[in-house]
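In: Structure for this input, please:
(chains A and B)
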Amino acid sequence: MTFNSYLFLLFYAVLFTAYYSLNSTKFRKVLLLVGSYVFYAAWNPPFVLILIFSTFVDWHAGKNIGAVESLLAKRKWLIISLVTNLGLLAYFKYGTWMVGNLNWCADLFGLGHINVVSNIVLPVGISFYTFQTLSYTIDIYRGNLKPWDNALDYALYVTFFPQLVAGPIVRAVDFLPQCRLEKKFNPDDICFGLCLFIWGLFEKVVIADCLMSPVVDSVFYSGSKPGFYLAWTGVFAFSIQILCDFSGYSLCAIGIAKTLGYELPVNFRYPYAASSFSDFWKRWHISLSSWLKDYLYIPLGGSRISKYITYRNLFLVMLLGGLWHGAAWTFVFWGFLHGLYLVMDKIIDRYIGNTKNKFIILARMAFVYLLVCVAWVFFRAEGFGQAIDILKAMAGLQPDGNVVRKLFVFNTYLVLFFILGGHYYLRNKKFEDVLELLPSWSLGGIVFVCLWLVFLGLNFRVEFLYFQF
Amino acid sequence: MSNNRYSKIFLISLLAFIVSFVIVEFLVRKIGLTPTLRMNYLTWSINRKKIDNMAGNKQVAILLGTSRTGANYDQKLLGERLNVEVIQLGLAGTYHPFVFLKDIAENTDFCGKVFVEVVPLFGNPVYDYRAERAIRYYKNSLCTSEILNNKIETYIFERSVLLSPRIDITRLEKCIFGGFIMAEFDRYTITKESRIYYNYYKYNITTPTHSREFYNSIDVLDNDQWLEYMAKVDSYGKMIIQRGGEVYFVRFPTSGLSKEFEDKTYPREKYWDIFAANTSGVAIHYADFDSDIKCPEDWHLDWRQASVFTGELVDAIKSRKELVFDTDHDLIPNAQ
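Out: Numbers count the residues shown, from 1 in each chain, chains lettered A, B, ... in the order given. Just a heads-up that it's a prediction; the model follows:
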């Protein structure tokens, strides 16, 4: 079930009404849990069992890690949790890809092929909830969190439907204590959450799907021969599409959670106004980058050991981050490029440091944005061949191919202008604070216009890009 | 947050939206718009799913093609006269019917009747990706929630002109660069569940949809390339025929600029006649019919002429006492 569907609106209306009709906090949580399973099952019912299995394993692993005394026994339970979660992820997400790679190697050495089921269906959101449950057991192992004493709360933490399939990746330490609080019917909070939801849908339905998706598709299809202008327009359009698609989803999730009395962490903070690549990763998919930092980068040594170990760690984390996004070498290469950018960042920082010069900051922002766009080519392309063709076109090395439609140019650069300008203006501000500054009539006008555009655009539905991850 | 600010903002905006929606809905209905439904990836996928369960069923006809497949057949008439259930698998836009044919041939055991729209200019494989996207959607995204959502959507869309046909916000181009169309007056489609009926041109629009510049911008395949491509198409048709199915390749009527373009770039004797003489299926060309059918805007038939065309098509099929589906030779030997 996607947020941009009538089915979700109906589901949410029923759940919301039932939720606030109940007085007991416990019954409300049960309702949310059942609702979350229904939400997930609407996509593919049998996969709910994997979700339940993962919840069950990590609940017990967490409990046992907390209960046993010896480090060895704690480690044993942590390994059970890691193997279960990463095993499921490896099978469902990377199984086909790994077998493909093995077969490629076998071909190289003239060995026989491995014949296994080649079309494994990827359970939606598995990368998100796997990371979420892993953070729970790892935090208990590290002593940052005590095993939670309420299985219902824990199950809700894993399956809470607003963030179940595409994040933000919530930490147990942030979510579980909220389960203890009584949720009061607060009309202002609910309406604020609904405003966020509508704004998120506007980003997704209007900007990403209606305006940008046709431009992107006209460049990134097999057989496309874009020239210089079309290639750049398509890549800029994709930079907007992926941002609005994903930040739109996150905003919808945050808004919906807020209407039910839960707070989810902010996932995007004007990423295209980043003045360095490390700044970019503090603004883009924050819940994932902070997860990778806390559970991978720092345990590897972070930047504490030596310059070269730091570079190695950055590469390793970004390569795995790339692989997290999808089972394809293009994603790995996208991660590699970001690893390279981060290393480059460290080197540039040595010379420029924390400059206050506005011109240099602006130049760096443009530099970061353009290189991020170059990396997006690998993220979106269907293969290296296509990515290289598009990069060649961007470098002016391809003869002019497909014609750029006036509509595409107009839509893309108009939206790009507002997004880059908006990100620059808001880069150090909180979204809520900006809303507070706006007069009520203008905010009302924005909600009104968004409602119109969202409803008109709802039958032009494209699935959320991040569902595939 | 203070003074219930967001409650006031949200509720007033919502109320204003509902009131304005009702007013605009009333106004657009007053000028003659009727709620209509369009075929999209989801409805296409729902229809496509049915074919997976039709192995051995010969009393089914599937229609593969573009918007013209939707517009040019009177599906009710076709179903009644051939005594078959008709499943529409045409998608408005440049969707390549041959990609759909490949999918049906390779991924199903379908052995009923298949009507494949042949549009010479779509012999260009550059358009394949669009149809591939529809198939990808079917394979990857069709799920319980999408089917349920379609039911709700259908219910809503049949009751709101504004939502269906929507005011098309993707058509900013028309608004900004001239010729703004608020909604698609001329596309009139009725859908019940997943069965789609297209009745284009209810309002009898007579302006050509495409300009001379459009036709001039089309990449034209030469004779050999086209036949090579059609040989591949024919090989998919052959797969269906070999399991007992019937494959009809149909050339729809064109008029005006469209006909001028086709006659000039794809003259019948150089293209169609060679294909028709060698295909494993049955090739039917509109020019062989008795009636003089015209497309109001050069490209699609209107709903009245669709009935005439469909009647003649069925007559043409029935008049061939023994249909010959010859799978023994190739259009171009060894072309795969």
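
In: B:Glu260: what secondary structure?
Out: Here B:Glu260 is helix, with the state taken from DSSP: H, G, I helix; E, B strand; the rest coil.

In: Could you give the number of residues near it?
Out: Number of residues near B:Glu260 (other C-beta atoms under 10 Å in any protein chain shown) recorded here: 14. (Glycine included, C-beta is placed from N, CA and C.)

In: pLDDT at it, what is it?
Out: You'll see B:Glu260 listed with a pLDDT of 84.

In: try A:Val34
Out: For A:Val34, the pLDDT comes out at 95.

In: Provide the secondary structure category for it.
Out: Following three-state DSSP, the label given to A:Val34 is helix.

In: in whatever helix or strand A:Leu362 lives in, what counts as buried?
Out: Here A:Leu362, judged by DSSP states H and E, is contained in helix A:358-380. Residues A:361, A:364-365, A:368-369, A:371-380 are the ones in helix A:358-380 that count as buried (16 or more other C-beta atoms under 10 Å in any protein chain shown).

In: likewise stretch A:273-288?
Out: Going by 16+ other C-beta under 10 Å, stretch A:273-288 has these buried residues: A:273-281, A:283-288.

In: secondary structure element for A:Glu69?
Out: Element membership for A:Glu69 (DSSP H and E) is empty, with no helix or strand holding it.

In: ugh, wrong one, I meant A:Ile138
Out: Using DSSP H and E, A:Ile138 sits within helix A:126-142.

In: now that helix: how far from the chain's centre is it?
Out: 16 Å (C-alpha atoms, centre = their mean, to the nearest Å).

In: Next secondary structure after it?
Out: Toward the C-terminus from helix A:126-142 - assigned by DSSP H and E - lies helix A:151-159.

In: Packing partners of the next helix or strand after that following helix?
Out: Next helix or strand after helix A:151-159 toward the C-terminus (DSSP H and E): helix A:161-164. When contacts are defined as 3 or more C-beta pairs under 8 Å, 6 or more residues apart in numbering or on different chains; DSSP states H and E, helix A:161-164 packs onto helix A:25-41, helix A:126-142, helix A:228-259.

In: For B:Leu78, give me its contacts.
Out: With contacts defined as C-beta atoms under 8 Å, 6 or more residues apart in numbering or on different chains, B:Leu78 is in contact with B:61, B:84, B:86, B:310, B:313-314.

In: does it count as helix, strand or coil?
Out: Quick answer, by three-state DSSP: B:Leu78 is helix.

In: now it: how far from B:Gly311?
Out: From B:Leu78 over to B:Gly311 the distance is 9 Å, taken as C-beta to C-beta, to the nearest Å.

In: Retrieve the pLDDT associated with B:Arg166.
Out: Looking at B:Arg166, the pLDDT reads 49.

In: So B:Thr144 is in contact with A:Ala42, correct?
Out: Yes - with contact defined as C-beta atoms under 8 Å, B:Thr144 reaches A:Ala42; the gap is 5.5 Å.

In: Settle it for me: which of those two has more neighbours?
Out: Neighbour tally, B:Thr144 and A:Ala42, criterion other C-beta under 10 Å: the higher count belongs to A:Ala42, 22 against 14.

In: Now that we're looking at the residue nearest to A:Ala327 when sequence neighbours are not counted, what pLDDT does it have?
Out: Using C-beta to C-beta, 6 or more residues apart in numbering or on different chains and skipping residues adjacent in sequence, the residue nearest A:Ala327 is A:Trp97, 3.5 Å away. A:Trp97 carries a pLDDT value of 82.

In: try A:Thr17
Out: 95.

In: these two touch, right, A:Ala67 and A:Pro147?
Out: Yes - using C-beta under 8 Å, A:Ala67 and A:Pro147 qualify as a contacting pair, with a distance of 7.4 Å.

In: And those two? Which one has more around it.
Out: Per other C-beta under 10 Å, whichever of A:Ala67 and A:Pro147 has more neighbours is A:Pro147, with 18 against 11.

In: Restricting to C-alpha, output the helix or strand hosting B:Leu227 in PDB.
Out: Secondary structure from DSSP H and E places B:Leu227 in helix B:223-242. Extracted in PDB, the C-alpha atoms of helix B:223-242 (Å, rounded to 0.1, in the frame of the first residue of the first chain):
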ATOM      1  CA  ASN B 223      12.300  -1.800 -46.200                       C
ATOM      2  CA  ASP B 224      14.800  -4.400 -45.000                       C
ATOM      3  CA  GLN B 225      14.900  -3.200 -41.400                       C
ATOM      4  CA  TRP B 226      11.100  -3.200 -41.200                       C
ATOM      5  CA  LEU B 227      10.800  -6.700 -42.600                       C
ATOM      6  CA  GLU B 228      13.600  -7.900 -40.300                       C
ATOM      7  CA  TYR B 229      11.700  -6.500 -37.400                       C
ATOM      8  CA  MET B 230       8.400  -8.000 -38.600                       C
ATOM      9  CA  ALA B 231      10.100 -11.300 -39.000                       C
ATOM     10  CA  LYS B 232      10.800 -11.300 -35.200                       C
ATOM     11  CA  VAL B 233       7.200 -10.300 -34.600                       C
ATOM     12  CA  ASP B 234       6.000 -13.100 -36.800                       C
ATOM     13  CA  SER B 235       8.100 -15.600 -34.900                       C
ATOM     14  CA  TYR B 236       6.200 -14.700 -31.700                       C
ATOM     15  CA  GLY B 237       2.900 -15.100 -33.600                       C
ATOM     16  CA  LYS B 238       4.100 -18.500 -34.700                       C
ATOM     17  CA  MET B 239       4.600 -19.600 -31.100                       C
ATOM     18  CA  ILE B 240       0.900 -18.900 -30.400                       C
ATOM     19  CA  ILE B 241      -0.300 -20.500 -33.600                       C
ATOM     20  CA  GLN B 242       1.800 -23.600 -32.900                       C
END
